[in-house]
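Enquirer: What shape does this take:
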Amino acid sequence: MISLDDVTVAYGSFVLLDKINFHISESDKIGLTGKNGAGKSTIMKLICGLQSPSSGHIDKPNHISIGYLPQIMEHNRGRTVLEEAMSAFDEENRMEAEIEEITAELGRRTDYESEEYLELTSRLSDLNDRLSTSHSEPPEIQARRTLVGLGFRERELGRLTETFSQGWNMRIELAKILLRRPDVLLLDEPTNHLDIESIEWLEDYLASRKGSLMLVSHDRRFLDRITNRTIEIVLGHAQDYKVPYSKYLELRAERMAQQTAAYENQQRMIEKTEDFINKFRYKPTKSNQVQSRIKALDKLDRIEIDETDNATLTVKFPPAPRSGDVVYKATELTAGYPQKVVFRGADIEIKRGEKVALVGRNGEGKTTLMRVIMGQLDPMEGESKIGHNVSIGYFAQNQEDVLDKTLTVFETLDRIAVGDIRTKLRDILAQFLFRGEDIDKRVNVLSGGERARLGMAKLMLENHNLLALDEPTNHMDIKSKDILKQALKAFDGTLLIVSHDRDFLDGLVDKFYEFEDGVVKEHLETVTQFLEKRKLETLQELDRKTAASAPVGAAKPAPKLSEPKKPALSYEQQKAASREERRKKERIKYLESEISKAESRQKEIESILSAPPADADIIELTREYLELKRALDDLTEEWGTLI
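Expert: A predicted model of the protein is given here:
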């Protein structure tokens with residue numbers, strides 16, 4: 001269906017892709033793998049026509065449709081989440097309108113044998129065929145199901161897209177692409193901003209989807225579940241394997257071993273032949289044999305070993321100074337922002353040497369907790385305490401915003417390094433694959449993976465005993481993630497990590513805190529056990545919903561027996577109930593105060609917008625007004641549940 005023939009991409013003297021050749025058929029589900037900067041995203045842009053090769057050509061039929069999700073994209077504003085997702089059906093709506101026009105035109109015409117009439121009927125048939133292969137369900141139902149599958153809640157579908165983060169807008173763009181159902185789907189790291197449940201939903205969707213798929217991902221399990229073919233980009237060349245990622249690793253290792261063995265055997269044979277030639281070259285009795293072996297060497301098909309990029313991270317965290325037994329403790333912790341409480345009543349305890357993960361849907365409070373621990377956000381209620389002699393090394397999720405884009409790689413570390421460590425900066429950067437001229441690159445030209453590596457290198461400059469890492473593997477290639485995982489396993493301090501990468505977490509952490517619907521739950525289990533448990537819980541919930549909506553005529557449950565009288569509460573229970581009631585009243589009072597403030601500010605903005613002065617920022621005022629409206633909805637909803 002799509003063929004890349006001798007495709008080369010060069011920037012001056014630097015050749016990124018060197019005579020790449022491969023074919024994509026209708027049933028291929030390809031995992032495109034290789035190091036950061038190898039050219040994976042470039043290949044996708046070439047297929048889409050967003051970039052042209054320096055030489056070679058790409059053949060693709062005119063009629064096929066391509067859906068492309070890049071790593072970085074622009075997002076539309078001014079529409080709700082659902083309205084933006086529904087724009088995926090614009091082409092279908094256009095075809096339906098054209099069908100109506102052609103049908104009306106044919107009804108008016110009587111020149112049944114004319115060329116124009118035949119062209120109209122042919123066009124009508126073509127449009128009907130295209131629509132018949134599209135969706136059978138109403139578009140809005142499809143859009144809602146896809147958005148919910150990607151993590152949105154029903155109540156969020158009416159919010160404007162600009163009130164969501166870049167990660168959530170990426171989900172809207174992904175939903176639009178999936179809803180269009182293109183013939184070829186190109187996804188460049190689609191899981192970077194997805195939580196575990198959304199990744200599972202996307203896995204199920206892509207595994208059952210018909211049509212071609214090319215996928216760049218650093219999630220090994222995601223690749224194994226979905227793909228049936230792996231193309232590795234290494235040193236400008238493409239190596240094609242007709243198997244999923246894990247099997248490709250095995251075959252690649254076997255191929256390299258066989259190639260090396262064959263090469264060594266051939267080299268020994270060549271050496272012996274050359275020794276014979278040199279020894280008997282001038283003996284007349286051996287001249288025929290010498291000439292025969294010289295000719296054999298000239299005709300020999302020499303075995304070459306494929307070039308490989310063996311540069312790898314060599315991460316080793318410094319020894320951790322000893323901290324107190326309890327590294328961090330939260331008691332009845334409620335955290336959030338003025339417009340929204342994210343989670344409440346959390347009890348969290350992390351002890352020295354533990355490796356703990358924070359998991360859950362985006363927006364449920366994982367990063368919020370990290371900000372509380374770092375002192376960037378004050379608790380709304382409860383207590384948050386850092387343990388004795390704890391030094392925190394923090395890796396923020398938004399390295400793009402944290403790093404100074406005007407500095408070079410070397411300057412980024414040089415600005416914060418003190419003491420003897422300054423003499424080792426080049427060695428530290430080399431461990432993270434910044435060598436030679438790379439250290440003089442400015443941060444603004446680095447890829448996502450390079451920025452993540454630079455952010456991790458900053459953690460090496462000081463001895464920390466608590467590493468707080470928020471999505472450290474986003475944009476990291478699989479080999480780099482494996483090395484980082486081993487380094488974190490060997491780290492003798494305490495680890496707190498936010499990640500959606502199941503393969504990365506499995507075998508690394510031994511405890512989870514799950515964030516869901518404002519509640520934080522502790523799980524003492526492995527990631528595999530955790531996921532299995534979540535699936536069982538979901539099935540139980542589905543069973544309960546099914547039972548609740550049983551059809552008329554279904555067997556009714558047996559009537560309940562009279563409830564036994566509840567025993568009287570103990571003094572401690574009464575005390576706890578009284579404390580809870582007092583906390584509830586204080587919360588109601590706080591909510592009423594915040595509602596009053598928000599309503600007052602809304603009225604002020606309404607007054608300004610009704611007769612705006614010349615220097616008024618209408619866009620910013622409108623944005624603030626929408627934020628206040630959303631905050632009021634949340635505050636009022638919570639207030640209603642408490643009174």
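Enquirer: For R361, give me its contacts.
Expert: Shown in contact with R361 (Cβ atoms under 8 Å, 6 or more residues apart in numbering): 151, 195, 197-198, 515-516. Yep, even glycine has a C-beta here, placed from its N, CA and C like the rest.
Enquirer: next one: T121
Expert: For T121, the contact set (Cβ under 8 Å, 6+ apart) comprises L106.
Enquirer: re the thing from before, and the contacts of R361, which are buried?
Expert: Buried residues within the contacts of R361, counting neighbours by 16 or more other Cβ atoms under 10 Å: 151, 195, 197-198, 515.
Enquirer: just to revisit the earlier point, for L178, state which of the contacts of R361 is nearest.
Expert: The closest of the contacts of R361 to L178 turns out to be S198 (Cβ to Cβ; 12.2 Å).
Enquirer: Please, which helix or strand holds that closest one?
Expert: According to DSSP states H and E, S198 maps onto helix 196-208.
Enquirer: ok, V234 touching G34?
Expert: Yes: under the criterion of Cβ atoms under 8 Å, V234 lies in contact with G34, with a separation of 5.9 Å.
Enquirer: Between these two, tell me which one has more neighbours.
Expert: Shown here are V234 and G34; by other Cβ atoms under 10 Å, G34 has more neighbours (21 against 17).
Enquirer: How about the more buried one: what's its closest non-neighbour residue?
Expert: Nearest in space to G34, with sequence neighbours left out and distances taken as Cβ to Cβ, 6 or more residues apart in numbering, is I233 at 3.6 Å.
Enquirer: again, but for N36
Expert: Once chain neighbours are set aside, the closest to N36 by Cβ to Cβ, 6+ apart is G449, at 3.2 Å.
Enquirer: can you confirm the one you found is in a helix?
Expert: Yes: the secondary structure assignment for G449 places it in a helix, going by DSSP: H, G, I helix; E, B strand; the rest coil.
Enquirer: burial of it, as a residue count?
Expert: 21.
Enquirer: pLDDT value on it, please?
Expert: The predicted structure scores G449 at 70 on the pLDDT scale.
Enquirer: What segments of the stretch 201-350 of the chain are helices?
Expert: Applying DSSP state H, counting those that start in this stretch to the stretch 201-350 of the chain gives helices spanning 220-226, 245-280, 287-299.
Enquirer: Would you tell me which one of these is buried the most?
Expert: Each of the helices of the stretch 201-350 of the chain was given a mean neighbour count from mean count of other Cβ atoms under 10 Å, and the largest, a mean of 21, is that of helix 220-226.
Enquirer: List the contacts of it.
Expert: Applying Cβ under 8 Å, 6+ apart, the contact partners of helix 220-226 are 29, 31, 33, 191, 199, 203, 206-207, 213, 215, 217, 230, 244-246, 478, 502-503.
Enquirer: Please apply the same query to stretch 327-338.
Expert: Under the criterion Cβ under 8 Å, 6+ apart, residues 341-352, 354, 365, 368-369, 372-373, 377, 379-387, 390, 465-466, 494, 496, 594, 631 lie in contact with stretch 327-338.
Enquirer: 7 Å - rerun?
Expert: Contacting residues not belonging to stretch 327-338 are listed as 341-352, 365, 368-369, 372-373, 377, 379-387, 390, 466, 494, 594 [Cβ atoms under 7 Å, 6 or more residues apart in numbering].
Enquirer: can you give me phi and psi for K355?
Expert: Recorded main-chain torsions at K355 are phi -120, psi 110, according to degrees, to the nearest 10.
Enquirer: If you could redo that for M73, that was the one I meant.
Expert: phi -150, psi 160.
Enquirer: I figured it hits I172, correct?
Expert: No: taking contacts as Cβ atoms under 7 Å, M73 lies outside contact range of I172: 10.3 Å.
Enquirer: So the two - more neighbours on which side?
Expert: When neighbours are counted by other Cβ under 10 Å, I172 comes out ahead of the other of M73 and I172, with 24 against 12.
Enquirer: Quick check: closest non-adjacent residue to H193.
Expert: The spatially closest residue to H193, leaving aside those adjacent along the chain, is G167, at 3.4 Å (Cβ to Cβ, 6+ apart).
Enquirer: number of nearby residues for the one you found?
Expert: Other residues lying near G167 total 18 when counted by other Cβ under 10 Å.
Enquirer: repeat for R344
Expert: Neighbouring residues of R344 were enumerated by other Cβ under 10 Å; the total is 19.
Enquirer: Apart from its neighbours in sequence, what residue is nearest it?
Expert: Across the structure, with Cβ to Cβ, 6+ apart as the measure, the residue nearest R344 apart from its sequence neighbours is T334 (4.0 Å).
Enquirer: who's that neighbour bridged to?
Expert: Beta-bridge partners for T334, by DSSP bridges, are E381.
Enquirer: So it versus F512, what's the distance?
Expert: Summarising the geometry, the distance separating T334 from F512, computed by Cβ to Cβ, to the nearest Å, is 21 Å.
Enquirer: These two: who's more crowded?
Expert: When T334 and F512 are compared for neighbours, F512 comes out ahead with 21 against 18, by other Cβ under 10 Å.
Enquirer: ok, the residue nearest to D501 when sequence neighbours are not counted to R453 distance?
Expert: Nearest non-adjacent residue to D501, counting by Cβ to Cβ, 6+ apart: T473, 5.3 Å away. Here the criterion is Cβ to Cβ. By it, T473 lies 11 Å from R453.
Enquirer: Which parts of the stretch 51-200 of the chain are strands?
Expert: With DSSP state E, counting those that start in this stretch as the criterion, the stretch 51-200 of the chain has strands at 55-59, 66-69, 184-188.
Enquirer: how big is the angle separating the last one from helix 196-208?
Expert: Just to be clear, that refers to strand 184-188. Calculated by axes from the mean of the first three to the mean of the last three Cα atoms, to 10 degrees, strand 184-188 forms an angle of 150 degrees with helix 196-208.
Enquirer: For strand 184-188, which outside residues touch it?
Expert: Applying Cβ under 7 Å, 6+ apart, the external contacts of strand 184-188 come out as 2, 41, 44, 47-48, 64, 66-71, 211-216.
Enquirer: What subset of the residues you listed is buried?
Expert: Buried residues within these, defined by neighbour count using 16+ other Cβ under 10 Å: 2, 41, 44, 47-48, 66-70, 211-216.
Enquirer: what's the most distant pair in the residues you listed?
Expert: Maximum pairwise distance in these, criterion Cβ to Cβ, is 20.9 Å, between S41 and G211.
Enquirer: In PyMOL, how would I select just the buried ones from the contacts of helix 220-226?
Expert: Isolation of the buried members of these (16+ other Cβ under 10 Å) is achieved in PyMOL through the command below:
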select buried, resi 29+31+33+191+199+203+206+213+215+217+230+244+245+478+502+503
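Enquirer: Surely S212 is in contact with M1?
Expert: Yes: using Cβ under 7 Å as the test, S212 is close enough to M1 to be in contact (6.5 Å).
Enquirer: Overlap of the contact sets of these two?
Expert: Residues within reach of S212 and of M1 at once, by Cβ under 7 Å, 6+ apart, are 24, 26.
Enquirer: okay, now T146: neighbour count?
Expert: Here the count is done by other Cβ under 10 Å, and T146 has 23 residues near it.
Enquirer: Next: V372.
Expert: Close neighbours of V372, defined as other Cβ under 10 Å, add up to 23.
Enquirer: any idea how far it is from H523?
Expert: The spacing between V372 and H523, counted by Cβ to Cβ, is 20 Å.
Enquirer: Same check on P319?
Expert: 30 Å.
Enquirer: Those two: which has the busier surroundings?
Expert: Taking P319 and H523 together and counting by other Cβ under 10 Å, H523 has the greater number of neighbours (16 against 11).
Enquirer: List the beta-bridge partners for that one.
Expert: If you apply DSSP bridges, the partners that H523 bridges to are F512.
Enquirer: Now for it: which residues touch it?
Expert: Remark: with contacts taken as Cβ under 7 Å, 6+ apart, H523 is in contact with 512, 514, 530.
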